[in-house]
Each structure stands twice: as structure tokens, then as C-alpha cells.
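S.K.: I'll drop the sequence and a predicted model, then ask my questions.
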Amino acid sequence: MLDTVTVDRRAPVLDEWRAALDPPGVPHHEAWATLDLLSALWQPAPVGSLLTPSGAPLEFTFRSGSDALVYTAEPGQPGYSPHTKWSVIRAVTAACGMNQPPPVGAVVEMLRQQPGQRFGCWLGVRLGSGTVSYKIYQEVTPAARDRTRCALYAALPALDPGIAVVPQLVGHTLSDGPSEYYLRVPDPRPSTLHALLRAAGVSEQLRLCSESLAWLAGIPVTRLHERLRLGLSYRLTPDQPPVASLFIHAVQISERNLPVRARLLELAAQLGLDLARYARATAFLGEFDPVQPLHGLIGLTIEPAGRLSLSAGVSPPSLKLSCDTSAYVRPSEK
């Protein structure tokens, strides 16, 4: 049974987050306007979204060294059919100036038609450098995994087909932007991770990534493949090198929010990364740590030049949050 609880008033409401989420003097009007359209569909408050571990329909992503406002949201109620969610996405993007139905790419178009989808799709919004972009996160059902793998191997020929990966989501930036394949890594032993990062040309960063993830989880690096559920993504842009990211779920660091925050900020300091916006937005955890898990995906992205960035997904504490996390699509599953 899904129970909802009232969040303590010591946690900030979403409006109060804008000071932390927007750069000084540069409010993200377009992204907030899109969120206003989406949140109007969340009445009554939705329960049981598979997007976040708390059941909330919204998650912001904080990335080191970036002032972009990035969030992922349910396009309507979590129980909407995939067809209805796609209709909402078309209506929302049209209201925000994208008048023609944007191309979504052959893989996403194929996945849209899958039977047996659990959640269908989510909408990602990013506003940085004065430009807003929209991204579709489309579910991959078990029946479509083989076709999705074939599409990935065709788009990334350096990836060894003998390495076991399980496609869970495909992201596509509208207006013919990059595609991103989100994979579960069933057996993340060193040789597997080395091969996966080698496909993106960044295998030399395996040791640093492994040590960082193991340190976050408080386990010896030699136990990483036994103890951590790992996800990996490839961002593929025509005529550009692929970008690889490794993911874990925050609950693998701690079941409470405050220890997760402390470990993230300490790792950022060790790596010389700037997570100041994340620190400002989550400062309230110092006096009030809700029982609901606010943190979702924790990611390490390896840019083509080998530079690392650290990211954290966080749900706003002002939303009513579901206490049941059993159905959440964890990074090992998405």
C-alpha cells in the first residue's frame, strides 16, 4: 500500500529552490514555464511514479561545473498510457514553441510501439546557455532489447557484442539531437567495465571511476563488481566522440539523504569538482533529513578528453512523496 506523508515545513518549497537552481541574474524562464505546464497535470498529487525512489513525478539533475537547469518529469499522471504521455509531450513542446512534431529517431519510434510498457516515457528539460532543449526517455521492454542492442552496436561499432548489457532506456534529444542508451551491466567485473569504457575511448579512467564509486558506497574497490548494481550510458552524437557515464543508485551509498550528500560533496572536493549548486539546494538537509529518499541516480561522466564530472538526481522535498520504493526503476534496471 502506498502511503503519502506531509513533508516537514523545514524543507524548502519548490519556489525557494529557484535561488539555488538559477544562476545569479539568469532565471530559467522557459524551463520553469514548462514545469508549470507539467505540474498542472499532477493534480491530485500523483503517487507511485517509477521515475524516482520516492514516487515523486519530478527529479532535478545537478552536474558539477554546470549552471544548466536540468530536470526529468512525468508527462502527466504516472498511470497515463504511453500513447497519452506522448500526446502530452507533443502538447507541452508545442506550447513552448516547438510547433511541428519533432523527429525522435528510428529506435525511439520503434520503442514507442512496444506492447507491455510499464511507464512508457518521461520528458527531460534542459536550459543552459540561453537555449532550452527537450529529451524523451523511452522505456525498452524485454521483448525489444535485442533490437535495441543491434541499434546500439550499429551506432557504436567499437562496442564488443560479446559483453553482456541489458538496454533499459533510450533517450533522444528532440530536434534531431544526440541519442543516449541506458544499460544495465549484469556482471561489472573489471574486464567488463574496461571493455565498456574502451568502446568510448576512455578506458584509462576505469581505475579512477571504480575507486570513486567504491568510495561513495564505502566498500573495497575489489568488491565493487559483487556489491554494486551498476548502470552505464553512451551518449552518441553524429560526428562527435561517444560519451560514457557510470551510474549507481543513492541507496547504495546510504538509505538516508544527509550521508549521501556528505559523501557526494567530499568526493567532489577530492576530485576538484564544483557541486556548489547542489550544495545550496540541499543545505536544508543539515537540519531536516526526511525519511523519504530524495536522491536518485548518482553518475560519473567521462568526457572524451578524460575529464570527469559528477551528477546527482534529487527530487524536490516540497512534493508529497510516496514511501513505497519497491517499484522504482533502479539504475541496475534502467
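M.R.: Great, that's in hand. Values in this document were obtained by computation on a predicted structure and should not be read as measured data.

S.K.: run a quick neighbour tally on the closest residue to P259 other than its chain neighbours.
M.R.: Counting by CB to CB, 6 or more residues apart in numbering, P259 lies nearest to I253, which is 6.8 Å off, once chain neighbours are set aside. The C-beta positions use only the backbone N, C-alpha and C, and glycine is treated the same way. Residue crowding around I253 was assessed by other CB atoms under 10 Å; the count is 22.

S.K.: which stretches of this protein have low pLDDT?
M.R.: Residues of the chain meeting the criterion pLDDT under 70: 1-13, 23-27, 98-103, 318-334.

S.K.: quick one: the helices in it?
M.R.: Using DSSP state H, the helices of the chain run over residues 14-21, 29-39, 82-95, 106-112, 145-155, 190-198, 206-217, 224-227, 257-271, 276-281.

S.K.: the second one vs helix 82-95, what angle?
M.R.: Helix 29-39 and helix 82-95 are oriented at 150 degrees to each other (axes from the mean of the first three to the mean of the last three CA atoms, to 10 degrees).

S.K.: S64 and L21, how far apart?
M.R.: 15 Å (CB to CB, to the nearest Å).

S.K.: as TSV, the helices of the chain with mean neighbour count and distance to I163 would be great.
M.R.: Shown next, in TSV, are these (neighbours: other CB atoms under 10 Å; distance: least, CB to CB, whole Å):
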stretch	mean neighbour count	distance to I163
helix 14-21	16	37
helix 29-39	17	37
helix 82-95	17	30
helix 106-112	18	19
helix 145-155	16	10
helix 190-198	18	5
helix 206-217	18	14
helix 224-227	16	14
helix 257-271	18	27
helix 276-281	19	32
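
S.K.: next, the contact list for Y80, please.
M.R.: Going by CB atoms under 8 Å, 6 or more residues apart in numbering, Y80 touches 88, 120.

S.K.: need the phi and psi values for it.
M.R.: Main-chain torsions, Y80, degrees, to the nearest 10: phi -60, psi 150.

S.K.: please tell me how far it sits from L127.
M.R.: 25 Å.

S.K.: follow-up on the earlier one: nearest to Q292, out of the helices of the chain?
M.R.: Q292 sits nearest to helix 257-271 of all the helices of the chain, at 8.3 Å, using CB to CB.

S.K.: ok now stretch 237-253, how far from the chain's centre?
M.R.: Computed by CA atoms, centre = their mean, to the nearest Å, the chain-centroid distance of stretch 237-253 equals 9 Å.

S.K.: start to end distance for it?
M.R.: 32 Å (CA to CA, to the nearest Å).

S.K.: what are the buried residues along that stretch?
M.R.: 242-253 (16 or more other CB atoms under 10 Å).

S.K.: before we move on, back to that, my read: the residue nearest to P259 touches I298, true?
M.R.: Yes. Assessed by CB atoms under 8 Å, I253 is found in contact with I298 at 7.0 Å.

S.K.: shared neighbours, these two?
M.R.: Contacts common to I253 and I298, judged by CB under 8 Å, 6+ apart, are 216, 260, 264.

S.K.: what is the nearest of the residues you listed to L51?
M.R.: Of these, the one sitting nearest to L51 (CB to CB) turns out to be V260, at 18.0 Å.

S.K.: contact partners for that closest one?
M.R.: V260 sits next to 250, 253-254, 295, 298 when contact means CB under 8 Å, 6+ apart.

S.K.: now for those residues: which two are most distant?
M.R.: The farthest-apart pair in these, when distances are taken by CB to CB, is S254 and I298, at 11.1 Å.

S.K.: if you count surrounding residues, which of those two has more?
M.R.: Legend: neighbour count by other CB under 10 Å for S254 and I298, higher for I298 (25 against 18).

S.K.: beta partners of that one?
M.R.: I298 has these beta-bridge partners by DSSP bridges: I248, A312.

S.K.: mind listing what it touches?
M.R.: 216, 247-250, 253, 260, 264, 310-313.

S.K.: need these in CSV with distance to T131, can you?
M.R.: Formatted as CSV, the contacts of I298 follow (distance: CB to CB, whole Å):
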residue, distance to T131
L216, 32
F247, 26
I248, 30
H249, 30
A250, 29
I253, 33
V260, 31
L264, 28
L310, 23
S311, 20
A312, 23
G313, 22
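
S.K.: which one of the residues you listed sits closest to A195?
M.R.: Among these, F247 lies closest to A195 (CB to CB), at 17.5 Å.

S.K.: roughly how far apart are L37 and E30?
M.R.: Per CB to CB, L37 is found 11 Å from E30.

S.K.: overlap in contacts of these two?
M.R.: C96.

S.K.: redo the helices of the chain as CSV? Include distance to I136.
M.R.: CSV is the format used below for the helices of the chain (distance: least, CB to CB, whole Å):
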stretch, distance to I136
helix 14-21, 22
helix 29-39, 14
helix 82-95, 7
helix 106-112, 6
helix 145-155, 14
helix 190-198, 24
helix 206-217, 27
helix 224-227, 32
helix 257-271, 28
helix 276-281, 25
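
S.K.: nearest to P238, of the ones you listed?
M.R.: helix 145-155 (9.5 Å).

S.K.: quick one: contacts of the closest one?
M.R.: Outside helix 145-155, the residues that touch it by CB under 8 Å, 6+ apart are 106-107, 110-111, 140, 159, 161, 165-167, 170, 179, 181, 234, 236.
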